[in-house]
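*Asks:* Predicted model and sequence follow; I will ask about them next.
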Amino acid sequence: MSPDARQDFALAFLSILFEGAPFILLGTVLSGFIDVYLPSGAMDRLLPRNRNLAVFAAGLMGAIFPVCECAVVPVIRRLVSKGLPVSCALTYMLAAPIVNPITALSTWKAFQGQNAEMMTGGRLALGFLVACAVGLVVSKLPLRKILKDQLADELEQETTTENRHHHHHEHGDGCGHDHHHDHEGCCGHDHDHHHHHDEKPDPDTRLVAAFRSAMKDFVDVGTYFSIGVVITALFNTGIAPGAEWLDTLATHPATSSAAMMTLAFVLSLCSTSDAFIAATLDKFSWAAKLAFLTFGPMMDVKLIFLYQTVLRKRFILILAASLFIGIGAITVFWHHLMFPTP
Amino acid sequence: MNPVARRILFSLAILGWGAVLLYFHSSGRITKYLAPDFRPIALSGGLGLAVLGLFNLFYCRVSTTCGHDHGDGGACHDHEAPDLHPLAILLLMLLPVGLAVAWTKDEYSASTLARKGLYETPASTPTFLAGSLPALTREEIEKSHSKTPDGYYEFSLMELFYSTGDRDLQNAINGLKVETEGRWVDEKVRNPNGTRKRLYRLFITCCAADSRAVPIILEFGKTPPNQQENGWVKVAGTMTFPLEEGIIQPVLRVDRVLAAEPPYEESFLRN
């Protein structure tokens, strides 16, 4: 790298890092405190009993329980194993990283001077609608086509146990969280808790646990963000091979959206900070940036690995292709509606 | 890796980021990286990272329990297990930042400036920037712009640049004697006689990565005087908008040029 290229890279890299790091911190501290302080089952109680309404409600849960896409997958695994409908869990998983106040704030800040309100509103609306659409489709599919065998087995075992009304509530003392004992109809709590409560929760160290969880989330997200910012800074300053080629793709709405979604997939950025990357790619259209901001938090390289802890590979592949085509088509169509070419 | 060692490494990585943010803020260099709105956020972020890092470092030996189940049969009952090896995380978080801090000169090279619109005309520049400027008439110019002792209206480079794309503004400014300031660079396009230079500033919306060059052409009618390349100058002359190769260009016919002190915001201009 030439001295000029180094100085250009350094300026772009540090400026994006300075802009995004505070928002990652805000997101991860919140997520750390949710992880430790939020009682298990708190989400289940907020969802309506009607399955379709529950899907839409799950799409908005990120506003109450804001988590980024890295943090949401472990949460989903726990919620699914505790009986949250898979359609609701997947809707929450796809929507929460986008439809949450931290992401909205960072998108709005990042796009100042670039139709910030429209981009923020568009991102939240599209993220919510796409996630709900996936949730509604998933609600019609058998569990075994979606979930990994091990998780599906666990759920089927639970259903069997539930049908036989064999409730094994061996909580012991000081379980430390709410089990929501409501035995009317569906009892509203999981029936095979797998509780390994050898250790009692210690209120004195919960703050330490929350800060530790925040630190863990921050370094996980910060690592991917750092890699993403390196790549973005190289493209932003024209140093990266293929930067000119990427610029040529930016001229057409369809190729531009496809290129940005591919970039989002490769960069694997956190939804709390990806807007700062998208806003700097000024050669790309509004639609392409919206596609980047919607597709990225739902599907990227690191999520592929995380999703495999819950979902079947075949389902992940179909989900990725559907999201790519669906979000691409919607954003291009939306762009043509808003900015019609003469 | 031992959990305590892992916590120490993570704390150091976070403290490293926090220290860089706080250093750039306290040294004033942050002005070259972020728009004013973002600087207090960056300061808060730096302080927050310092608190998070120091807290976790201080309590790295304390044992905790989370107090809730993970629904996974206890297989991954660890809130701290990272995606990657802790040493890889430390390397990926600190190496790029360290290199960037060592390499940065707080400004772009000429080739990246060209990529950021140094040689573009207003018509081919994103229109959202133009939207931030008020409408202007000759009467309003006289009211809102002060005059130098030798009779030149003081204009920001931004106004002169965007007047090219606004017919009313163009009519109001065309032929006006104006003074403005910016950075002095060679004119590399449409300069067959070598009588031109280019004056620019960078407009930053959020951060330096999204900055755009805002340039005008300086016409001397003879060989331009010597000034430091990329140095700050004050230029006075008559503003014109000739049609060149089918494109209206903002051209200042220069009467005088003087070296100037860099403004506080250096290369960036906002509002």
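*Replies:* Ah, there it is.
*Asks:* Show me the shaky parts of the stretch 51-200 of chain B.
*Replies:* Applying pLDDT under 70 to the stretch 51-200 of chain B flags the ranges B:65-81, B:83, B:122-136.
*Asks:* Now with 90, please.
*Replies:* The model of the stretch 51-200 of chain B has pLDDT under 90 over residues B:60-86, B:107-147, B:150-151, B:155-174, B:186-194.
*Asks:* Tell me which stretches of it form strands.
*Replies:* B:153-154, B:177-186, B:196-203 (DSSP state E, counting those that start in this stretch).
*Asks:* what helices or strands is the longest one leaning on?
*Replies:* Spelled out, it's strand B:177-186. Using 3 or more CB pairs under 8 Å, 6 or more residues apart in numbering or on different chains; DSSP states H and E, the elements in contact with strand B:177-186 are strand B:153-154, helix B:157-163, strand B:196-203, strand B:212-219, strand B:232-240, strand B:251-259. Backbone N, C-alpha and C define where each C-beta goes, glycine included.
*Asks:* how about 7 Å then?
*Replies:* Judged by 3 or more CB pairs under 7 Å, 6 or more residues apart in numbering or on different chains; DSSP states H and E, the packing partners of strand B:177-186 are strand B:153-154, helix B:157-163, strand B:196-203, strand B:232-240.
*Asks:* and what of the last one?
*Replies:* With contacts defined as 3+ CB pairs under 7 Å, 6+ apart, the secondary structure elements packing on strand B:196-203 are helix B:157-163, strand B:177-186, strand B:212-219, strand B:268-269.
*Asks:* CA-only coordinates of it in CSV, if you can.
*Replies:* Taking Å, rounded to 0.1, in the frame of the first residue of the first chain, the C-alpha atoms of strand B:196-203 are listed here in CSV:
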residue,chain,number,x,y,z
ARG,B,196,-6.1,27.9,-14.0
LYS,B,197,-6.1,26.5,-10.5
ARG,B,198,-8.8,24.9,-8.4
LEU,B,199,-10.1,25.9,-5.0
TYR,B,200,-12.0,23.5,-2.8
ARG,B,201,-13.3,22.6,0.6
LEU,B,202,-14.7,19.3,1.9
PHE,B,203,-18.3,19.1,3.0
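*Asks:* distance between that strand and the chain's centre?
*Replies:* 14 Å (CA atoms, centre = their mean, to the nearest Å).
*Asks:* who does it pair up with?
*Replies:* strand B:177-186 (antiparallel), strand B:212-219 (antiparallel), strand B:268-269 (parallel) (DSSP bridges).
*Asks:* so which of those strands gets nearest A:Thr107?
*Replies:* strand B:212-219 (20.3 Å; CB to CB).
*Asks:* Quick one: work out the angle between the closest one and strand B:232-240.
*Replies:* Put simply, strand B:212-219 runs at 70 degrees to strand B:232-240, going by axes from the mean of the first three to the mean of the last three CA atoms, to 10 degrees.
*Asks:* Spell out the residue ranges of the helices in the stretch 51-200 of chain A.
*Replies:* Ranges of helices within the stretch 51-200 of chain A are A:51-60, A:69-81, A:86-95, A:101-110, A:116-138, A:149-163, based on DSSP state H, counting those that start in this stretch.
*Asks:* quick one: the first one to helix A:116-138, angle?
*Replies:* In terms of direction (the same axes, to 10 degrees), helix A:51-60 departs from helix A:116-138 by 140 degrees.
*Asks:* Tell me which of the helices and strands packed on strand B:177-186 lies nearest to B:Pro3.
*Replies:* strand B:196-203 (46.5 Å).
*Asks:* And the contacts of the closest one?
*Replies:* B:118, B:129, B:157-158, B:182-187, B:211-219, B:224, B:235, B:267-269 (CB atoms under 7 Å, 6 or more residues apart in numbering or on different chains).
*Asks:* Buried subset of those as a ChimeraX selection?
*Replies:* If you want just the buried ones from the contacts of strand B:196-203 in ChimeraX, going by 16 or more other CB atoms under 10 Å in any protein chain shown, the selection is:
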select /B:118,129,157,158,182,183,184,185,187,211,212,213,214,215,216,217,218,219,224,235,267,268,269
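*Asks:* Contact partners for the residue nearest the centre of chain A?
*Replies:* Most central in chain A under CA atoms, centre = their mean is A:Glu69, positioned 2.8 Å from the mean C-alpha point. Counting by CB under 7 Å, 6+ apart, A:Glu69 touches A:97, A:271, A:297, A:303.
*Asks:* Who wins on neighbours among these?
*Replies:* A:Ser271 (32 neighbours; other CB atoms under 10 Å in any protein chain shown).
*Asks:* State the number of residues packed around A:Gly121.
*Replies:* Neighbourhood size, A:Gly121 [other CB under 10 Å]: 14.
*Asks:* Could you do A:Ala10 as well?
*Replies:* Neighbours around A:Ala10, by other CB under 10 Å: 22.
*Asks:* how about it, what does it touch?
*Replies:* Counting by CB under 7 Å, 6+ apart, A:Ala10 has contacts B:100, B:103-104.
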